[in-house]
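Colleague: what's the 3D shape of this:
(4 chains)
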2 protein chains.
Amino acid sequence: MSTSTNRLEKSEVYVKVDVCIFAINEDLKVLLIKRSIPPDKEVWALPGAFVKKEETLEEASIRVLKKKAGIFENLYLEQLYTYGEIERDPRGRVITVAYFALVDSEKIKISENADWHSVYELPSLAFDHGKIVKYALQRLKNKLEYTAIALDILPENFTLTELQKVYEVILGEKLDKRNFRKKIFSMGIVKPTDKYQLGVHRPARLYTFKRDLKSKKIPGFRWTKMEL
Amino acid sequence: MSTSTNRLEKSEVYVKVDVCIFAINEDLKVLLIKRSIPPDKEVWALPGAFVKKEETLEEASIRVLKKKAGIFENLYLEQLYTYGEIERDPRGRVITVAYFALVDSEKIKISENADWHSVYELPSLAFDHGKIVKYALQRLKNKLEYTAIALDILPENFTLTELQKVYEVILGEKLDKRNFRKKIFSMGIVKPTDKYQLGVHRPARLYTFKRDLKSKKIPGFRWTKMEL
DNA sequence: TCAAAAGTGTTAAACGTACACCCATGA
DNA sequence: TCATGGGTGTACGTTTAACACTTTTGA
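Modeller: I've put the predicted structure just below:
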């Protein structure tokens, strides 16, 4: 392949996207697919697809999300890293652009050969997908501290206890209720509504996300959405 | 293209690497190449190359670095982001994996059609390279605060004033000498040697990097090298 | 009336920030 | 001896972390 011509020869380098889809359900889960074809037949892997000529990387990821996890809203999707080791896929020179997504597991119908797995009890994965999940988890934890990412998987209205649960499950540790609330308020990312929970023992106040702050710098945050 | 066969058809999706090479020299500079061929002939662009079948993404980046900036040591290289918009390159569906590098400009011989440009006075760039530089700069600033990245472009021994200059140039602001030293020491990333500068008015003590800490969590740092 | 989760403040320690002078050296 | 950059400490405000009891409600 040469840059000195306007005509590009066909390439033997292939581009995939693989998506690490996280959901919260008791603990932190990842959606895996049991491969039905070689290579690594019958081995669990991240859902993925080859990128088509006429779709962006993000569109390819969304195609994967729709196919493997049903159509849904309240989705957080972010590019993670691009893996380009030469021998990572036996079929050829396959480069994968990894994405991670955070979804509300209640809103999803997963496909037949897919299943949720706790990030703390993962089977061994096909290709280099184990490495990808590990890195995605690290990134997710980091982002939680500086961004409003947790709000992307909560419904429009939520209680502070629900928000705290999201943090606890992702970070894998218990948090102090008073300190947590203090932190969230000082970030200024939520505002109270005048609504309350229904049908529970003692209804908690419902909060909502201050959407206008989504793309602004938030005190205590380093960034919210990366500007690319 | 299909995943259901072991034979992959040739692809019309192409993969490049583009490298945003930073150096420090009065202020923060980026290495740009004046394109000699269409598209965007005569326009400044990031140095880049199509990825060969038998090289990793990082190897391709290093090939670019060697060709455009001479061979050198003391190099920091990190993957930045992968750009996959459909129309970003008129030659076809070209996806670029952007890298950024931090080098010591004194150790470099740049190629003929290349030149350093201050990040504060950039010309308009080919393709979406302006966006890439902007993001690389943001990432560089962020990493400076949490990692020992600055040490990668200093020689084995350096003075604290030299280290501070690196921070000041990248962040684009003056720092307080006492607070800066306090911070660096509390990070525990440098250790004093018993050597001193030569040939200057008043020789300063030389410090060196605590290499054993390179991959450990450092207090005040969120991470040093990302584990992938 | 009881069980369960909601809600609410204070204190101490660590950290970040602003700020100015003396010292050692080579010219 | 002087000009230059090297080196050092303190005080204040902010942020973080540890910690426990009262309130409200539905069953």
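Colleague: Which residues of chain A lie near DNA strand D?
Modeller: A:176-179, A:182-183, A:186, A:199-203, A:219-220 (CB under 7 Å from any atom of the strand). C-beta here means a position set from N, CA and C on the backbone, and glycine is covered the same way.
Colleague: Tell me the secondary structure at A:I184.
Modeller: What DSSP: H, G, I helix; E, B strand; the rest coil gives for A:I184 is helix.
Colleague: Could you double-check that it lies in contact with A:T159?
Modeller: No: in this structure, A:I184 is not within contact of A:T159 by CB atoms under 8 Å, at 11.7 Å.
Colleague: Wait, a strand at A:E85?
Modeller: No: with three-state DSSP as the criterion, A:E85 is located in coil rather than a strand.
Colleague: could you measure it against B:E54, distance?
Modeller: 12 Å (CB to CB, to the nearest Å).
Colleague: Then A:N113?
Modeller: Note on A:N113: its distance to B:E54, by CB to CB, is 34 Å.
Colleague: More neighbours: which of these two?
Modeller: A:N113 (13 against 9; other CB atoms under 10 Å in any protein chain shown).
Colleague: next one: phi and psi at the spatially most central residue of chain A?
Modeller: For chain A, the residue nearest the mean C-alpha position is A:A101 (1.9 Å; CA atoms, centre = their mean). Per-residue torsions, A:A101: phi -130, psi 150 (degrees, to the nearest 10).
Colleague: now the one 10 residues further on
Modeller: According to degrees, to the nearest 10, the main-chain angles of A:S111 amount to phi -80, psi 170.
Colleague: And A:Y146, by the same measure?
Modeller: Dihedral angles (degrees, to the nearest 10) for A:Y146: phi -110, psi -10.
Colleague: Just the buried residues of stretch A:204-212, please?
Modeller: Along stretch A:204-212, these residues count as buried under the neighbour rule (16 or more other CB atoms under 10 Å in any protein chain shown): A:206-210.
Colleague: Show the average pLDDT along that stretch.
Modeller: The average pLDDT within stretch A:204-212 is 89.
Colleague: for stretch A:101-113, same thing?
Modeller: For stretch A:101-113, the per-residue pLDDT averages 88.
Colleague: how far out from the middle of the chain is it?
Modeller: Distance, stretch centre to chain centre, for stretch A:101-113: 11 Å (CA atoms, centre = their mean, to the nearest Å).
Colleague: do the same with stretch A:45-63
Modeller: The answer for stretch A:45-63 is 15 Å, by CA atoms, centre = their mean.
Colleague: can it be found next to chain B?
Modeller: Yes: interface with chain B: stretch A:45-63 contributes A:49-58 (CB under 8 Å from any CB of the partner chain).
Colleague: now the residues you listed: which count as buried?
Modeller: Neighbour counting with 16+ other CB under 10 Å marks A:49-52, A:55-58 as buried within these.
Colleague: Mind checking which of the residues you listed land in strands?
Modeller: With DSSP state E as the criterion, strands contain A:49-50 from among those.
Colleague: quick one: terminal-to-terminal distance for stretch A:68-80?
Modeller: 19 Å (CA to CA, to the nearest Å).
Colleague: ok, back up a step: nearest to B:L8 among the residues of chain A next to DNA strand D?
Modeller: Using CB to CB, A:G220 is the member of the residues of chain A next to DNA strand D that lies nearest B:L8, at 47.2 Å.
Colleague: then stretch A:114-132 to CSV, C-alphas only?
Modeller: The C-alpha trace of stretch A:114-132 is given here as CSV (Å, rounded to 0.1, in the frame of the first residue of the first chain):
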residue,chain,number,x,y,z
ALA,A,114,-25.3,-14.5,24.9
ASP,A,115,-25.1,-14.3,28.7
TRP,A,116,-24.1,-12.0,31.5
HIS,A,117,-21.0,-12.9,33.5
SER,A,118,-19.9,-11.3,36.7
VAL,A,119,-16.6,-9.4,36.1
TYR,A,120,-15.3,-11.2,39.2
GLU,A,121,-15.9,-14.7,37.8
LEU,A,122,-15.0,-14.5,34.2
PRO,A,123,-14.4,-17.7,32.1
SER,A,124,-11.3,-17.6,29.9
LEU,A,125,-12.1,-15.6,26.8
ALA,A,126,-11.3,-15.9,23.1
PHE,A,127,-8.5,-14.0,21.4
ASP,A,128,-7.2,-11.2,23.7
HIS,A,129,-10.6,-10.4,25.0
GLY,A,130,-9.7,-11.1,28.6
LYS,A,131,-7.2,-8.2,28.4
ILE,A,132,-9.8,-6.0,26.9
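Colleague: Sort out which residues of that stretch are buried, please.
Modeller: Those buried within stretch A:114-132 under the rule 16+ other CB under 10 Å are A:114, A:116-117, A:119, A:122, A:125-132.
Colleague: So which of the residues you listed is the closest to chain B?
Modeller: The closest of these to chain B turns out to be A:K131 (CB to the nearest CB; 6.5 Å).
Colleague: so the closest one is in which element?
Modeller: Assigned by DSSP states H and E, A:K131 falls within helix A:129-146.
Colleague: From the contact counts, what lies against that helix?
Modeller: strand A:13-25, strand A:76-83, strand A:93-103, helix A:160-171 (3 or more CB pairs under 8 Å, 6 or more residues apart in numbering or on different chains; DSSP states H and E).
Colleague: right, and the helix or strand after that helix?
Modeller: Assigned by DSSP H and E, the successor of helix A:129-146 is strand A:157-158.
Colleague: what residues does that next one touch?
Modeller: Applying CB atoms under 8 Å, 6 or more residues apart in numbering or on different chains, the contact partners of strand A:157-158 are A:193, A:195, A:206-208.
Colleague: Redo the helices and strands packed on helix A:129-146 as a markdown table? Include distance to B:K16.
Modeller: As requested, the helices and strands packed on helix A:129-146 are exported to a markdown table (distance: least, CB to CB, whole Å):
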| stretch | distance to B:K16 |
| --- | --- |
| strand A:13-25 | 10 |
| strand A:76-83 | 12 |
| strand A:93-103 | 11 |
| helix A:160-171 | 35 |
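Colleague: Pick the most deeply packed of the ones you listed.
Modeller: strand A:93-103 (a mean of 25; mean count of other CB atoms under 10 Å in any protein chain shown).
Colleague: now the angle from it to strand A:76-83?
Modeller: Going by axes from the mean of the first three to the mean of the last three CA atoms, to 10 degrees, strand A:93-103 is angled at 160 degrees with respect to strand A:76-83.
Colleague: elements contacting strand A:93-103?
Modeller: strand A:13-25, helix A:57-69, strand A:76-83, helix A:129-146.
Colleague: Domain parsing of chain A, as residue ranges.
Modeller: Domain ranges of chain A: A:13-144, A:151-213, per automatic domain parsing.
Colleague: Rebuild these as a markdown table, extending it with distance to DNA strand C.
Modeller: Shown next, in a markdown table, are those (distance: least, CB to the nearest atom of the strand, whole Å):
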| stretch | distance to DNA strand C |
| --- | --- |
| domain A:13-144 | 14 |
| domain A:151-213 | 3 |
